[in-house]
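Any chance you can model this:
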Amino acid sequence: MFSDVLRLLLRVKTPIFYLDKAVTPTIQGKRNLCRVGRDRGASSSFQREVMIPFLNLSKTWTASNLLINRRRDVLLYAVLAIATAAMFLAYIARMHDVTHDAFHEMALAREWFLTGKFPTDDLFAYTPTVSPAVHHEWATGVALYWVSAMSPFGLDGVILLKLILVAILGVTLYRVARCNGAHPIVFFLLAPIVFPVLWVGFATLRAQLFTLVAIALTLLMLQSDWRGQRKWILFWIPLYIVWLNMHAGFVVGLGLMGFHFLERLLSIVKKELHQEDSASKPNQGLLKCFQRVLLSKHLYRKAYEELWHLFALAPIAIFCLYLNPWGWQYVSYLIKAIAMPRPLILEWQPIWFTYDPMTTLLTFGCSVLLIVYAAKERRWDRLRGWLFCLLAAYMALKHIRHGSIYAVVWLAMVPAWITPTPFGRSLVRFVRDTRQNWLRFSGFAIAVSIGFALYQPFYRATVPDNVSPSSLGFPKGAVDYLESRQAQGNVMTPFHCGAYVSWRLYPAVKVSLDGRYEVAYQPQVMEQHRSFYEAATGWQETLAAYHHDFVIVPRDAAVYEPLRNKTAPTAGNWSCIYEDNYFALFSKVEVGT
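Sure thing, here's the model as predicted:
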């Protein structure tokens, strides 16, 4: 019974590259075989769906090498799968602190439910804002508000939702990799390579995690498209509509679709060029063959027959952009947001600015080297999705936050590329030959990883107030102080604290800035706050620019000392009314007035 369940979870469909229609069921002649499969050591007979062509291999690897049944190492694969999952759980176990994004998303959802009217303009700030305030993560806020405030789980419901999404992501990526032709051993052993890049999207809980799951599901649906199936579109359109209301990362899905269309089109052109080259005379050049193919009506008829559904999907995707609370204003916001530089936000910095640059750059380099190795051992056109994978690698190198997208695409594609190479085959053979050692090592890894995850603890959502207060902690003590005295007014807050203050104190209190950045605030607001908290030249002007009743200052901020000791000209108007180990609360009015 247990073995049957494992086989169901680990089973594989026929990999898509077995179904290349350019390969006829039986191809006679070594020249043609090398041309199609580049397997110089194979026999002259090539059976589609039975034998897989690989480069420079002394033997042909049959499709049965990728299948799992009772006679194979089902237990080994299952233990490796559990070990990989446990190691990733341990890797993200420390990320159980609720992020500031979750608070402003939930605050928006709460106001919608309380008033019955969806707020398209900003409600929470007293500084200059934009109109409309296109909160592209509003649906994520609805989900988080439901699991935290309307369910019996409280904030721990956010952790539960996160673990469910992680499980869906892992299973989906495994299915995509297996459909591409990845061996389970190769997938599970290579996966930890990208953990230092993958972790970015797994904070508790960011809308980016929904994007990662949607990307994995889109990749799975595109496997069906390579097989000639079309029903996946009926599932992708609802996914796309939900996705664009969850997170602006849906543009990655549109890009993925565009690159998929381009790759399929190039595949059709290649097949037509191959057929034209085979039928042409020996003295005719490749350029003339290419010209004839481009002028051939058969090429366009073939492209229409195989790609008409992708053509039809384009206007549908454009129309669906309207299906959000802001209509077409969402599109204009999106264009501005994509082109907007964010030099003050750490996650938009290059990958070498991450918290552990050495480990991250080392693993990122290894992942890219494996792509290069796969391309060297096999043809680029045999690596499905290679163009989008390279684009994702570039984006990960350019921005820290895009590392998780690259890691998801890498896990879905690269293990399948590596599996048929000499390295992949040697890895599978080595693990099978040392099966008992790997079972013991995996058991040890599972015990250590789960122990570490429980120690953190990963299952409990926390609101920190004592970890790097200038970047991660929240002013819980200051907010409790204001709440206990029923204070009302405007509170100046750092970038990462405003959402928490709004979640706790709105509508009695409005904030000067929160993590929504360009979604709600005019460009100068962020720069003014940076200047103030860093005590840069002219920081006093920020105090005079807006009507602040209270100011929350992290104690490690540069402005704390001159404001606390009243050494600056305007600091004498402010007095410290609350202070703890991490934050100080200043006021220019008496609390309660």
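
Show me the strands in this protein, by range?
Along the chain, the segments classed as strands by DSSP state E run 51-52, 61-62, 489-492, 509-511, 550-554, 575-579, 583-587.

nearest to residue 181, of those?
Of all the strands of the chain, it is strand 51-52 that lies closest to residue 181, at 7.6 Å by C-beta to C-beta. The C-beta positions use only the backbone N, C-alpha and C, and glycine is treated the same way.

circling back: and the strands of the chain, which one averages the lowest pLDDT?
Within these, confidence is poorest for strand 51-52, with a mean of 34 (mean pLDDT).

Give the residue spans of the stretch 151-300 of the chain that score low on pLDDT.
Within the stretch 151-300 of the chain, the stretches with pLDDT under 70 are 272-299.

The same query, at a cut-off of 80, please.
Filtered on pLDDT under 80, the stretch 151-300 of the chain yields the residue ranges 267-300.

Could you do the chain as well?
For the chain (pLDDT under 80), the answer is 1-73, 267-305, 340-346, 348, 355, 379-382, 465-472, 565-573, 588-593.

Need the single longest helix in it, by residues.
Scanning the chain for the helix with the most residues, using DSSP state H, yields helix 250-279.

elements contacting it?
Contact here means 3 or more C-beta pairs under 8 Å, 6 or more residues apart in numbering; DSSP states H and E; on that basis helix 250-279 packs against helix 208-226, helix 232-246, helix 286-294, helix 297-320, helix 386-398.

Export the ones you listed as a markdown table, with columns for distance to residue 76 and mean neighbour count.
Below are the helices and strands packed on helix 250-279 laid out as a markdown table (distance: least, C-beta to C-beta, whole Å; neighbours: other C-beta atoms under 10 Å):
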| stretch | distance to residue 76 | mean neighbour count |
| --- | --- | --- |
| helix 208-226 | 25 | 23 |
| helix 232-246 | 32 | 18 |
| helix 286-294 | 48 | 14 |
| helix 297-320 | 40 | 13 |
| helix 386-398 | 28 | 19 |
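
Export those as a markdown table, with columns for distance to residue 424.
Below are these laid out as a markdown table (distance: least, C-beta to C-beta, whole Å):
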| stretch | distance to residue 424 |
| --- | --- |
| helix 208-226 | 20 |
| helix 232-246 | 28 |
| helix 286-294 | 32 |
| helix 297-320 | 30 |
| helix 386-398 | 16 |
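
From residue 487, how far off is residue 478?
10 Å (C-beta to C-beta, to the nearest Å).

out of those two, which sits in the busier spot?
The residue with more neighbours, out of residue 478 and residue 487, is residue 478; 26 against 22, by other C-beta atoms under 10 Å.

burial count for the residue nearest to that one when sequence neighbours are not counted?
Once flanking residues are discounted, residue 478 sits nearest to residue 585: 4.2 Å by C-beta to C-beta, 6 or more residues apart in numbering. Neighbourhood size, residue 585 [other C-beta under 10 Å]: 23.

can you tell me which residues contact residue 585?
Applying C-beta atoms under 8 Å, 6 or more residues apart in numbering to residue 585 gives the contacts 475, 478, 481, 482, 550, 551, 552, 553, 576, 577, 578, 579.

Any idea what it is bridged to?
Going by DSSP bridges, residue 585 is paired in beta bridges with residue 552, residue 578.

how close does the closest residue to residue 536 other than its chain neighbours sit to residue 584?
Ranked by C-beta to C-beta, 6+ apart and with sequence neighbours excluded, the top spatial neighbour of residue 536 is residue 530, at 7.5 Å. To residue 584, residue 530 is 19 Å away according to C-beta to C-beta.

Show me which of these two is the more surrounded one.
Neighbour count, other C-beta under 10 Å: between residue 530 and residue 584, residue 584 has more, with 21 against 16.

burial count for the closest residue to the more buried one other than its chain neighbours?
Nearest residue to residue 584 in three dimensions, chain neighbours excluded: residue 553, at 5.0 Å (C-beta to C-beta, 6+ apart). Neighbourhood size, residue 553 [other C-beta under 10 Å]: 28.

Correct me if wrong: residue 553 contacts residue 586.
Yes: the pair residue 553 / residue 586 is scored as a contact, 6.5 Å apart, by C-beta atoms under 8 Å.

Between the two, which contacts overlap?
residue 563.

Distance check, residue 393 against residue 265.
In terms of C-beta to C-beta, residue 393 sits 23 Å off from residue 265.

do residue 400 as well
Shown here: residue 400 relative to residue 265, a distance of 33 Å by C-beta to C-beta.

Can you lay out the strands of the chain as CSV showing distance to residue 343?
Formatted as CSV, the strands of the chain follow (distance: least, C-beta to C-beta, whole Å):
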stretch, distance to residue 343
strand 51-52, 48
strand 61-62, 50
strand 489-492, 22
strand 509-511, 23
strand 550-554, 21
strand 575-579, 32
strand 583-587, 26
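
Identify whichever of those lies nearest to residue 247.
strand 509-511 (23.0 Å).

on contacts alone, who are the packing partners of the closest one?
So strand 509-511, by 3+ C-beta pairs under 8 Å, 6+ apart, packs with strand 489-492, helix 498-505.

can you rerun that using 10 Å?
Judged by 3 or more C-beta pairs under 10 Å, 6 or more residues apart in numbering; DSSP states H and E, the packing partners of strand 509-511 are helix 476-484, strand 489-492, helix 498-505, strand 550-554.

would you list every one of the helices in the stretch 1-150 of the chain?
Assigned helices in the stretch 1-150 of the chain, in chain order: 2-10, 30-37, 74-92, 100-115, 138-149 (criterion: DSSP state H, counting those that start in this stretch).

what residues are up against residue 411?
169-170, 173-174, 176-177, 182, 187, 190-191, 193-194, 198, 216, 219, 367 (C-beta atoms under 10 Å, 6 or more residues apart in numbering).

quick revisit: closest to residue 359 out of the helices and strands packed on helix 250-279?
Among the helices and strands packed on helix 250-279, helix 386-398 comes nearest to residue 359, with 14.5 Å by C-beta to C-beta.

starting at the chain centroid, how far to the closest one?
Distance of helix 386-398 from the chain centroid (C-alpha atoms, centre = their mean, to the nearest Å) equals 13 Å.

before we move on, back to that, closest to residue 500 out of the helices and strands packed on helix 250-279?
helix 208-226 (19.4 Å).

show me where the stretch 401-550 of the chain has helices.
Here the stretch 401-550 of the chain has its helices, by DSSP H, counting those that start in this stretch, at 403-418, 422-433, 435-455, 476-484, 498-505, 523-533, 540-545.
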